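> Take a look and give me a structure for this.
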Amino acid sequence: MAARRSDSKSFASATQGPHATTDVYRNGARQQKGQRHGCRDDDRYHDRHGQRPRPFTLVNMSDIQIAPWNLDDRDEVIDFIVSIQQGEFDLPITAADQPDLADVEAAYRATGGQFLVARHQGQVVGTIAAIVVEDNTVALRKMFVHCDHRGASGLAARLMDSLVDWSRRAGYRTILLGTTDRMTAAHRFYEKHNFTRMSAAALPAQFPRMAVDSVFFRRDLPGVVSIREYDATWPDRYEVERRRIVEALGDLRITIEHCGSTSVPGL
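Take a look at the predicted model:
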């Protein structure tokens, strides 16, 4: 089924490195002069070769392929993300500021994460990634959608669904993310996709929190069974969690015990 792009609720996300995310939503009614099809129509919106991305006006979702990043994607993904960051949102960020984009294998996959790339007619039109926070938890990162594939095209939703499906198959039970309190359209998108708000105090100690993050979301994936090799850091991580519980409960606590498989050395 074909779907035309809608400017009413355009979606993109700009990030700074593998542990950073800032969600950005565009409202067509508030577009500034000089923008076309939701993109900035100025000299900055070009790739490193001086080519302006070709416009998309009619999209058939069956023509879009989403696949894991490979080395052949590297240069085009970098151009795609930096073009959105600089050309649309005036962010003072370059490819050099995001070394994770040049080495996705080391930044994401080496620790168990993933980086997905969407293409339409051979051109990169979207990305989404996950970086591992702890054994059963990942943080959502690098979600970008080409301006002409936002809104009614459904690409943002399809990218999210793809990442959720990968998370299930990889044995991750929880997806976390952080954003700012001003990005209310982003909040609605996450809530529509079964994310619920959580307090900063409930975040794992390893969560890569940004200074601008003030609103946090969590999505649990029911039915996922995760089997991991014993990790010698589990006792230390328990101590971190125990201290948090002590601070929260104070004198109300009776006893706190480490139980379950993570409490048994070598299991």
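> on contacts alone, who are the packing partners of the biggest strand by length in the chain?
Looking across the chain with DSSP state E, the single longest strand is strand 123-134. Applying 3 or more CB pairs under 8 Å, 6 or more residues apart in numbering; DSSP states H and E, we find strand 123-134 packed against strand 64-68, helix 74-83, strand 114-120, strand 137-145, helix 155-170. Any C-beta I mention is one placed from the backbone N, CA and C, and that applies to glycine too.
> again, only this time at 6 Å
With contacts defined as 3 or more CB pairs under 6 Å, 6 or more residues apart in numbering; DSSP states H and E, strand 123-134 has these neighbours: helix 74-83, strand 114-120, strand 137-145, helix 155-170.
> Deepest-packed of the ones you listed, please.
Here the criterion is mean neighbour count by mean count of other CB atoms under 10 Å, and of the helices and strands packed on strand 123-134 the winner is strand 137-145, at a mean of 25.
> what's the angle from it to strand 123-134?
160 degrees (axes from the mean of the first three to the mean of the last three CA atoms, to 10 degrees).
> where along this protein do the helices fall?
Taking DSSP state H to define them, one finds helices in the chain at 74-83, 104-107, 155-170, 184-192, 234-249.
> Return the set of buried residues in the shortest one.
This means helix 104-107. Across helix 104-107, burial judged by 16 or more other CB atoms under 10 Å covers 104, 107.
> How far does it sit from its chain's centre?
Relative to the centre of its chain, helix 104-107 is centred 15 Å away, using CA atoms, centre = their mean, to the nearest Å.
> Output that helix in CSV with nothing but the alpha carbons.
The C-alpha coordinates for helix 104-107 follow below in CSV (Å, rounded to 0.1, in the frame of the first residue of the first chain):
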residue,chain,number,x,y,z
VAL,A,104,29.8,0.4,14.0
GLU,A,105,31.2,-3.0,14.6
ALA,A,106,33.3,-1.9,17.6
ALA,A,107,30.8,0.7,18.9
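> Contacts only, for residue 73.
Shown in contact with residue 73 (CB atoms under 6 Å, 6 or more residues apart in numbering): residue 117.
> Compute the number of surrounding residues for residue 69.
Residues lying near residue 69 (other CB atoms under 10 Å) number 20.
> Hmm, residue 117 and it touching each other?
Yes. Using CB atoms under 6 Å, residue 69 is in contact with residue 117, at 5.2 Å.
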